[in-house]
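A.B. asks: here are the coordinates; sequence isn't available:
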């Protein structure tokens with residue numbers, strides 16, 4: 001190994017270590033004191049509930065663990081969006097589990113909480129996998145009600161999705177394990193089956209204080225909407241559980257009896273581990289996002305037996321396309337190349353730029369994968385499409401549009417991993433969040449932005465200094481350098497993978513060594529949902 005490899009390895013392992021530390025903090029929710037308060041009531045915490053329910057919590061993947069990171073600080077923060085979402089197996093059946101975290105503002109819903117819950121439902125609807133809700137929430141966070149209540153993608157959309165999923169035949173099971181109030185009371189009752197835990201679970205449209213204020217009736221919460229009331233009088237809930245574990249055991253029993261599903265039929269054989277050591281990824285991936293490396297070497301460490309069948313290997317070399325297997329599943333890989341390669345005409349350093357020939361190659365490959373019913377995996381390290389007169393005259397816009405068209409109309413499931421840069425239209429063409437990947441995750445080395453930090457900072461500097469000069473301010477070189485650094489610092493923060501994950505532009509920031517697990521889990525989920533429409537590119541410029 002050379003010194004450059006060792007430098008890269010040290011740097012990338014430190015990034016991964018920082019990720020682990022950040023996640024350990026997130027896992028504590030609202031803090032150890034609040035978690036202990038929950039346990040003192042005889043309840044399990046949200047993460048304990050999910051771990052108990054799943055067959056193997058370590059094999060599950062978590063959606064949106066970093067949602068809300070560094071957001072809502074004026075309100076005390078909202079770690080993980082106040083809700084835990086995992087895809088895993090319950091009694092051998094793949095499910096998505098959504099558990100309110102009562103240690104975060106009593107499980108109240110912030111705007112990002114609604115967005116995360118909607119993402120969980122979107123995953124369930126796209127893949128037709130069962131949803132299990134573990135409810136323990138005080139409802140909408142009232143100080144921010146205007147940002148969560150009335151719009152199309154706000155709180156009410158949850159119940160609309162409950163109804164749609166029911167009509168689609170997607171199993172929904174709810175366990176009320178704490179508070180379930182106001183509009184939130186509809187969620188468990190719009191599920192197929194609802195459980196409630198005695199003494200700790202309660203459901204009502206208005207609590208005892210509001211009832212007293214509204215109609216003058218004096219009543220305690222347990223009598224108003226406790227387990228006995230809803231299992232014996234109102235008939236709102238179907239099962240009465242003595243404690244959290246009893247409720248979760250009942251859910252396991254229900255899930256164990258769900259019938260088999262119609263399969264999409266994605267090809268899978270016995271998995272093989274990569275022949276090349278996945279740990280090498282840390283040394284191959286460069287410390288600087290501008291440095292070159294061979295994406296083929298990353299691919300070999302992600303795929304079964306390191307066996308890659310490359311498509312059009314000597315054409316359109318700034319994008320790598322080819323067939324492989326990941327955990328036994330057949331996949332088509334589309335990846336950006338960043339190394340210096342020799343073309344028929346000259347030696348070129350691509351740097352993650354998409355050229356016309358590469359866009360054309362990728363378009364044809366994506367069409368082939370749709371024809372053969374092979375899921376697509378996009379590995380992003382892209383700085384955008386090539387610019388300049390030669391590219392414009394060569395039709396880069398037309399070729400780029402063809403690639404975007406193919407990605408948009410693709411009917412096989414798509415999965416996106418942001419390895420390095422994800423800039424501008426390159427993000428779109430390589431199946432960014434706007435193009436409906438079934439799952440999208442980023443490595444700690446990722447950067448997401450409309451353009452690179454320094455380029456953007458220089459553009460913004462020109463705008464800001466021009467505005468200051470109009471106000472009569474004299475801009476010295478020192479002052480200009482100060483402004484530039486301030487702009488770049490802010491811009492770099494916004495391009496961080498953690499900023500993207502906090503806003504749910506990606507589903508997670510993951511350890512690169514977990515990439516195979518994420519893609520395999522995603523394809524297994526997608527296999528629940530047969531393709532319902534043919535692949536059609538529509539009208540494109542040729």
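C.D. replies: Received it, and whenever you're ready, just let me know what you need. Treat the numbers as computed from the prediction; the structure is a model and nothing was measured.
A.B. asks: CA atoms for contacts and neighbours, from now on please.
C.D. replies: Noted.
A.B. asks: state the distance from the closest residue to residue 518 other than its chain neighbours to residue 521.
C.D. replies: Excluding the flanking residues, the one nearest residue 518 by C-alpha to C-alpha, 6 or more residues apart in numbering is residue 61, at 6.7 Å. The gap separating residue 61 from residue 521 is 8 Å, by C-alpha to C-alpha, to the nearest Å.
A.B. asks: list the residues that contact both of the two?
C.D. replies: Taking C-alpha atoms under 8 Å, 6 or more residues apart in numbering as the contact rule, residue 61 and residue 521 both touch residue 87.
A.B. asks: how far away is the residue of the chain positioned farthest from its centre from residue 486?
C.D. replies: Residue distances from the centre of the chain (C-alpha atoms, centre = their mean) peak at residue 472, which lies 46.9 Å from the mean C-alpha position. As judged by C-alpha to C-alpha, residue 472 and residue 486 stand 21 Å apart.
A.B. asks: and whatever helix or strand residue 402 lives in, what's buried?
C.D. replies: Take DSSP states H and E as the rule and residue 402 turns out to sit in helix 396-409. By neighbour count, with 16 or more other C-alpha atoms under 10 Å as the criterion, the buried positions of helix 396-409 are 396-409.
A.B. asks: specify which member of those residues is nearest to residue 384.
C.D. replies: Set against residue 384, the nearest of those by C-alpha to C-alpha is residue 400 (10.0 Å).
A.B. asks: how close does that closest one sit to residue 312?
C.D. replies: From residue 400 to residue 312 the distance is 18 Å (C-alpha to C-alpha).
A.B. asks: do the same with residue 3
C.D. replies: Distance of residue 3 to residue 312, computed by C-alpha to C-alpha: 33 Å.
A.B. asks: same question, residue 142
C.D. replies: Distance of residue 142 to residue 312, given as C-alpha to C-alpha: 57 Å.
A.B. asks: ranges for the strands of the stretch 101-250 of the chain?
C.D. replies: 131-137, 172-181, 193-197, 202-204, 239-241 (DSSP state E, counting those that start in this stretch).
A.B. asks: ranking these by mean pLDDT, which is last?
C.D. replies: Lowest mean pLDDT of the strands of the stretch 101-250 of the chain: strand 202-204, a mean of 87.
A.B. asks: what's in contact with that strand?
C.D. replies: Strand 202-204 is contacted from outside by 176-182, 185, 196, 221-222, 224-227, using C-alpha under 8 Å, 6+ apart.
A.B. asks: give the pairing partners of that strand; include direction for each.
C.D. replies: strand 172-181 (parallel) (DSSP bridges).
A.B. asks: and the residue nearest to residue 518, what are its bridge partners?
C.D. replies: Under the criterion used (DSSP bridges), residue 61 bridges to residue 87.
A.B. asks: do residue 135 as well
C.D. replies: Beta-bridge partners for residue 135, by DSSP bridges, are residue 176.
A.B. asks: circling back to that earlier point, neighbour-wise, which of residue 3 and residue 312 wins?
C.D. replies: residue 312 (15 against 9; other C-alpha atoms under 10 Å).
A.B. asks: as CSV, the strands of the stretch 101-250 of the chain with mean neighbour count and distance to residue 251 would be great.
C.D. replies: Formatted as CSV, the strands of the stretch 101-250 of the chain follow (neighbours: other C-alpha atoms under 10 Å; distance: least, C-alpha to C-alpha, whole Å):
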stretch, mean neighbour count, distance to residue 251
strand 131-137, 26, 8
strand 172-181, 26, 8
strand 193-197, 25, 8
strand 202-204, 25, 18
strand 239-241, 21, 10
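A.B. asks: just after the lowest-mean-pLDDT helix or strand in the chain, pick out the following helix or strand.
C.D. replies: Counting by mean pLDDT, DSSP states H and E, the weakest-scoring helix or strand in the chain turns out to be strand 347-349, with a mean of 58. Using DSSP H and E, the helix or strand that follows strand 347-349 towards the C-terminus is strand 353-354.
A.B. asks: so which elements touch that following strand?
C.D. replies: Applying 3 or more C-alpha pairs under 8 Å, 6 or more residues apart in numbering; DSSP states H and E, we find strand 353-354 packed against strand 384-385.
A.B. asks: chain center to the strand it packs on, what's the gap?
C.D. replies: Put simply, strand 384-385 sits 24 Å off its chain's centre (C-alpha atoms, centre = their mean, to the nearest Å).
A.B. asks: list the helices and strands it packs on?
C.D. replies: Secondary-structure packing of strand 384-385 (3+ C-alpha pairs under 8 Å, 6+ apart): strand 353-354, helix 424-429.
A.B. asks: relative to it, what are the paired strands and their orientations?
C.D. replies: By DSSP bridges, strand 384-385 pairs with strand 353-354 (parallel).
A.B. asks: please enumerate residues in contact with the following helix or strand past the partner strand?
C.D. replies: Remark: after strand 353-354, the chain's next helix or strand is helix 356-372, criterion DSSP H and E. Residues outside helix 356-372 that contact it (C-alpha under 8 Å, 6+ apart): 311-312, 315-319, 321-322, 332, 334, 375-376, 386, 391, 394-396, 399-400, 402-403, 406-407, 410-412, 535.
A.B. asks: can I assume residue 24 sits in a helix?
C.D. replies: Yes: under DSSP: H, G, I helix; E, B strand; the rest coil, residue 24 falls within a helix.
A.B. asks: what's the spacing between it and residue 368?
C.D. replies: Counting by C-alpha to C-alpha, the gap from residue 24 to residue 368 is 42 Å.
A.B. asks: just residue 13 next, same as before
C.D. replies: Relative to residue 368, residue 13 is positioned 37 Å away (C-alpha to C-alpha).
A.B. asks: more neighbours: which of those two?
C.D. replies: Using other C-alpha under 10 Å as the criterion, residue 13 and residue 368 rank with residue 13 on top: 17 against 13.
A.B. asks: TSV for the helices and strands packed on strand 384-385, including mean pLDDT?
C.D. replies: Listed next are the helices and strands packed on strand 384-385 as TSV, based on pLDDT from 0 to 100:
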stretch	mean pLDDT
strand 353-354	90
helix 424-429	91
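A.B. asks: how about these in a markdown table, adding mean neighbour count and distance to residue 300?
C.D. replies: Formatted as a markdown table, these follow (neighbours: other C-alpha under 10 Å; distance: least, C-alpha to C-alpha, whole Å):
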| stretch | mean neighbour count | distance to residue 300 |
| --- | --- | --- |
| strand 353-354 | 24 | 22 |
| helix 424-429 | 22 | 23 |
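A.B. asks: which element follows the host helix or strand of residue 461 toward the C-terminus?
C.D. replies: Residue 461 belongs to helix 453-470 when elements are defined using DSSP H and E. Tracing the chain C-terminally past helix 453-470 and defining elements by DSSP H and E, one meets helix 477-495 next.
A.B. asks: elements contacting that following helix?
C.D. replies: strand 447-449, helix 453-470.
A.B. asks: residue 380 belongs to a strand, doesn't it?
C.D. replies: Yes: according to three-state DSSP, residue 380 belongs to a strand.
A.B. asks: partners of it in the sheet?
C.D. replies: Under the criterion used (DSSP bridges), residue 380 bridges to residue 418.
A.B. asks: was I right to think it contacts residue 419?
C.D. replies: Yes: the pair residue 380 and residue 419 passes the contact test of C-alpha atoms under 8 Å, sitting 5.6 Å apart.
A.B. asks: the two: who's more crowded?
C.D. replies: Counting neighbours by other C-alpha under 10 Å for residue 380 and for residue 419 shows that residue 380 has the greater number, 28 against 24.
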